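Engineer: test case, fold it:
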Amino acid sequence: MWETVIGLEIHVQLATESKLFSSSSTNFGSQQNTQASIIDLAMPGVLPVLNKNAVNMAVMFGLAVGAKIADKSIFARKNYFYPDLPKGYQISQYELPVVYDGKLEINIDGENKVVGITRAHLEEDAGKSIHDLFDGESAIDLNRAGTPLIEIVSEPDMRSAKEAVAYLKKIHSIVKSLGISDGNMEEGSFRCDANISLRKPGADFGIRAEIKNINSFKFVENAINYEVDRQQDILESGGSVKQETRLYDSKKDETRPMRSKEEANDYRYFPDPDLLPVEITDKQISDIKKILPELPDAKKERLINEYDLKNDDAEILSSSSQLCEYFEKACKDISSGYQLLANFILSEVVGLCNKNGLDISESRVNAQDVTKLNIYINEEKISMKQAKDVLNEAWDNNTNVDKIIKSKNIEQISNPELLLDEAKKMLEKYPKEVQDYKNGKDKLMGFFVGQVMKVTKGKANPKTLNEILKKLLKGE
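Structural biologist: Take a look at the predicted model:
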């Protein structure tokens, strides 16, 4: 029996307008090498100047996870050679990070677990190597070089891929809620390295492998599960795991060796002589505390208390500020039925957004129209199926839902007198089926409902119609 030990190092690009030590833009998607200044290129004689906003964002994160904030923090040079690192070193933090000793609570299958956060330190991102532009050659884009990051290092407290993904998603929701990162995993602004080892329960930690730069929740889970199986096969066959850095190949769903794992002394860390120590005052921390937004855990509890939502739905809504804002806008014009509204948004509206690759903030149907559809469902003016059809048409044609309902004359018939008249006419047409129903063929109820639906072109209220038919068939 083996126990899995997992620690994550999460790299979060900060949403500053300029880089960590220069005034170069951090906009994503610009033409290659158009956002790299002489400071980013490490030209002789240039000096870095620290971006204060990046420090404040790191402090915000630290406060959000209950961490300690260092009153004095030092930048260090992490020395290594790579083509996309112009200086030959990366400015990072080693002995004295801005944030340390935090914790995060995750929920796994209804049970809470605390994961320790060792540190969150500031560092500059490297450039990007591009291998698919030129045949047999690699290109270097330095637009990203110098972009501010916080690297969030967990304790080795996770014991399964499921726990690791839950922790990663929680960090993701926090940095997005704080507004310190867009959290875009496809663009590389939120990515992680996973350190994985196996041991016998209670034994010392085993030798770990580090899986680098994983950029989706699914890939993190797959990479960890593959690596656990790989290490288990090695150990059970009498071998020993090598300490190394590995890459995850999502197409082959496997990890493969990249290089032997470096230790801290391999990087020859030393304090950067061009940068003064960072001093963070109590007043600075106090000022940042005042502007902290509502965090996901607090938001979840509020959604449950204010709107009487199910725990799982409140969890999903609270994980995204934009999604929660959309839901609460939709709630403004109603005083009940919040759970039905949440169900409709999470299943139908979010479903359409996902299908079209859009964020909820880019939804083609506004929150007020979704509220109207839910009011009409509650008032039995339209059925759930009709509401879904109207939503889809509103999405495709950018049309107001009231206009669609009026133009197609699809308002549900709930008038008992009209439905009673149609039901009587239908039953008179099918005396044999009526007798068979009375003799015990209960399934014929569906046939009777279907016949009235044909006549009313699907607009009869199914609930009201069923009640009327049952009374008629009983002779009431």
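
Engineer: contacts for the host helix or strand of residue 453?
Structural biologist: Taking DSSP states H and E as the criterion, the element that holds residue 453 is helix 444-455. By CB atoms under 8 Å, 6 or more residues apart in numbering, the surrounding residues in contact with helix 444-455 are 419, 422-423, 425-427, 429-430, 433, 436-437, 460, 462, 465-466, 469-470, 473. Yep, even glycine has a C-beta here, placed from its N, CA and C like the rest.

Engineer: residue 443 versus residue 310, what's the distance?
Structural biologist: When CB to CB, to the nearest Å is applied, the distance between residue 310 and residue 443 equals 33 Å.

Engineer: of the two, who's got more company?
Structural biologist: Set side by side, residue 310 and residue 443 give different neighbour counts by other CB atoms under 10 Å, the larger being at residue 310 (13 against 9).

Engineer: which helix runs longest in this protein?
Structural biologist: Secondary structure of the chain per DSSP state H: the longest helix is helix 217-236.

Engineer: which other helices and strands does that one contact?
Structural biologist: Here helix 217-236 is seen to pack against strand 3-13, helix 161-178, strand 190-199, strand 209-214, strand 244-249, strand 254-260 when contacts are counted using 3 or more CB pairs under 8 Å, 6 or more residues apart in numbering; DSSP states H and E.

Engineer: between these, which gets nearest to residue 365?
Structural biologist: Of all those, it is helix 161-178 that lies closest to residue 365, at 22.7 Å by CB to CB.

Engineer: by residue count, tell me the biggest strand in the chain.
Structural biologist: Among the elements of the chain assigned as strand by DSSP state E, the one spanning the most residues is strand 111-124.

Engineer: now do that one and strand 3-13, the angle between them.
Structural biologist: Using axes from the mean of the first three to the mean of the last three CA atoms, to 10 degrees, one finds that strand 111-124 and strand 3-13 are set 40 degrees apart in direction.

Engineer: elements contacting whichever helix or strand comes after strand 111-124?
Structural biologist: Past strand 111-124, further along toward the C-terminus, the next helix or strand under DSSP H and E is strand 128-134. With contacts defined as 3+ CB pairs under 8 Å, 6+ apart, the secondary structure elements packing on strand 128-134 are strand 137-141.

Engineer: for the strand it packs on, give me every contacting residue.
Structural biologist: Counting by CB under 8 Å, 6+ apart, strand 137-141 makes contact with 32-33, 83-84, 127-131, 133, all of which sit outside it.

Engineer: ok, residue 124 - how many residues close by?
Structural biologist: Residue 124 has 25 neighbouring residues, counting by other CB under 10 Å.

Engineer: for residue 239, same thing?
Structural biologist: Under the neighbour criterion other CB under 10 Å, residue 239 is assigned a count of 10.

Engineer: quick one, what contacts residue 62?
Structural biologist: For residue 62, the contacting residues are 68-69, 98-99, 102, 120, taking CB under 8 Å, 6+ apart as the criterion.

Engineer: poorly predicted segments of the chain, please.
Structural biologist: Judged by pLDDT under 70, the chain has its weakly predicted residues at 261-264, 412, 476.

Engineer: can you pick the most crowded of the contacts of strand 137-141?
Structural biologist: Neighbours were tallied for each of those (criterion: other CB under 10 Å), and the maximum of 23 neighbours falls on residue 127.

Engineer: quick check on the nearest residue to it once chain neighbours are set aside: phi, psi?
Structural biologist: Ranked by CB to CB, 6 or more residues apart in numbering and with sequence neighbours excluded, the top spatial neighbour of residue 127 is residue 84, at 3.5 Å. Backbone torsions of residue 84, given as degrees, to the nearest 10, read phi -90, psi 10.

Engineer: circling back to that earlier point, considering the contacts of residue 62, which is situated nearest to residue 346?
Structural biologist: Each of those was scored against residue 346 by CB to CB, and residue 102 proved nearest at 30.4 Å.

Engineer: doesn't the closest one belong to a strand?
Structural biologist: Yes - assigned with DSSP: H, G, I helix; E, B strand; the rest coil, residue 102 falls within a strand.

Engineer: tell me how many other residues surround the residue nearest to it when sequence neighbours are not counted.
Structural biologist: Distances taken as CB to CB, 6+ apart place residue 67 nearest to residue 102, at 2.9 Å, with adjacent residues excluded. The burial metric for residue 67, expressed as a neighbour count using other CB under 10 Å, is 23.

Engineer: now the one 3 residues further on
Structural biologist: Residue 70 has 23 neighbouring residues, counting by other CB under 10 Å.

Engineer: that one contacts residue 101, doesn't it?
Structural biologist: No - using CB atoms under 8 Å, residue 70 and residue 101 do not qualify as a contacting pair, with a distance of 10.0 Å.

Engineer: what subset of the contacts of helix 444-455 is buried?
Structural biologist: Among the contacts of helix 444-455, those scoring as buried are 419, 422-423, 426-427, 433, 437, 460, 462, 465, 469, 473 (criterion: 16 or more other CB atoms under 10 Å).
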